[in-house]
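*Asks:* Got a predicted structure here, sequence first:
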Amino acid sequence: MRRADGILLALFAALAAASPLRAERAALAPVPAIDANPVRKLETAIFAGGCFWGVEGVFSHVKGVHLAVSGFAGGPRGRKVDYGRVSEGDTGYAEAVRVTYGPGQVSYGALLRIFFSVIADPTTLNAQGPDRGTQYRSALFPLNAEQGKAAKAYLVQLGKAGLWRDPVVTRVERFTGFQDADSYHQDFMRRHPRHFYILRWDAQKVAALKAMFPALYRDKPSA
């Protein structure tokens with residue numbers, strides 16, 4: 001679902017108010033049994049979990065995250081896309097966020113735990129909140145062998161944790177590149193905190209981060 005503005009926003013608000021759809025339920029995921037050993041002072045990780053506004057918004061409030069950028073991942077290498085094209089749902093790309101973080105403050109495993117605790121429902125592969133389609137799929141894109149090992153092990157661990165009624169279907173996908181979304185979508189939650197979509201679907205995720213991970217939460221978001 002493409003987020004509406006102007007007159008369409010009022011219509012979307014009315015429909016959502018009458019809809020049984022709910023935001024992803026926060027569930028405290030277990031501490032990863034296997035974490036990724038860092039290889040650089042600053043590391044990068046890529047997550048896809050529905051609308052990138054919320055994914056970026058939550059990660060920007062995590063201590064140790066230096067930068068969170070909305071964009072697209074998962075499609076054919078070298079193919080140029082933009083928001084409108086990805087929204088068609090047939091490019092192979094997903095809305096994703098590139099997270100640059102300092103492993104001395106927050107590990108890849110901690111980011112995985114936050115992602116599945118408060119951002120994405122791992123049991124709905126091609127749907128998150130009100131959004132439907134492969135472009136909103138839940139996926140991890142490891143950038144090295146350490147991240148790959150940790151991501152695959154954590155999905156197995158989540159499957160055995162019994163936190164969700166349905167099976168875990170989030171996938172680990174091969175990284176084929178990342179393309180930044182245009183400036184309108186960057187820092188959207190910070191710039192538009194009263195936007196209906198943010199209030200309806202994403203603000204509670206930041207609140208859950210603060211409540212469930214107080215030692216990793218910071219009020220001022222990263223860039």
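*Replies:* Structure's in. What do you need?

*Asks:* tell me how far stretch 135-148 is from the chain's mean position?
*Replies:* 11 Å (C-alpha atoms, centre = their mean, to the nearest Å).

*Asks:* how long is that stretch from one end to the other?
*Replies:* 22 Å (C-alpha to C-alpha, to the nearest Å).

*Asks:* Would you mind listing the buried residues in it?
*Replies:* For stretch 135-148, a neighbour-count test (16 or more other C-beta atoms under 10 Å) marks 135-144, 146-148 as buried. Backbone N, C-alpha and C define where each C-beta goes, glycine included.

*Asks:* Please work out the average pLDDT along that stretch.
*Replies:* Taken as a whole, stretch 135-148 carries a mean pLDDT of 98.

*Asks:* same thing with stretch 155-175?
*Replies:* Mean predicted confidence for stretch 155-175 is 96.

*Asks:* And for stretch 88-101?
*Replies:* 97.

*Asks:* so how far is the first residue of it from its last?
*Replies:* Stretch 88-101 end-to-end distance (C-alpha to C-alpha) = 31 Å.

*Asks:* and what of stretch 36-49?
*Replies:* 20 Å.

*Asks:* phi, psi of the spatially most central residue of the chain?
*Replies:* Among the residues of the chain, Val55 comes closest to the average C-alpha position under C-alpha atoms, centre = their mean, at 3.4 Å. Val55 adopts backbone torsions of phi -60, psi -50, taken as degrees, to the nearest 10.

*Asks:* what's the answer for Ile114, then?
*Replies:* phi -60, psi -40.

*Asks:* Report pLDDT for the residue nearest to the centre of the chain.
*Replies:* Val55 is given a pLDDT of 98.

*Asks:* now it: how far from Val62?
*Replies:* As for Val55, its distance to Val62 is 11 Å (criterion: C-beta to C-beta, to the nearest Å).

*Asks:* hey, which helix is longest across the chain?
*Replies:* Criterion DSSP state H: the longest helix present in the chain is helix 145-161.

*Asks:* quick one: contacts of that helix?
*Replies:* Residues outside helix 145-161 that contact it (C-beta atoms under 8 Å, 6 or more residues apart in numbering) are 29-30, 32-39, 45, 108-109, 112-113, 116, 122, 140, 142, 167-168, 170, 172.

*Asks:* Next step: those restricted to strands.
*Replies:* 45, 140, 172 (DSSP state E).

*Asks:* How about Pro38, nearest residue that isn't a chain neighbour?
*Replies:* Pro103 (3.6 Å; C-beta to C-beta, 6 or more residues apart in numbering).

*Asks:* what about the one you found, is that helix, strand or coil?
*Replies:* Classification of Pro103 using DSSP: H, G, I helix; E, B strand; the rest coil returns coil.

*Asks:* neighbours of it, just the number please.
*Replies:* 20 (other C-beta atoms under 10 Å).

*Asks:* Next up, the contacts around it.
*Replies:* Neighbours of Pro103 in contact, by C-beta under 8 Å, 6+ apart: 38, 40-41, 43, 64.

*Asks:* Can you select the buried ones from the residues you listed in ChimeraX?
*Replies:* The following ChimeraX line selects those of the contacts of Pro103 that are buried, judged by 16+ other C-beta under 10 Å:
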select :38,43,64
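
*Asks:* and which of the contacts of Pro103 is nearest Ala181?
*Replies:* Of all those, Glu43 has the smallest distance to Ala181: 21.5 Å, by C-beta to C-beta.

*Asks:* from what I can see the closest one touches Arg98, true?
*Replies:* No - under the criterion of C-beta atoms under 8 Å, Glu43 is not in contact with Arg98, lying 11.1 Å apart.
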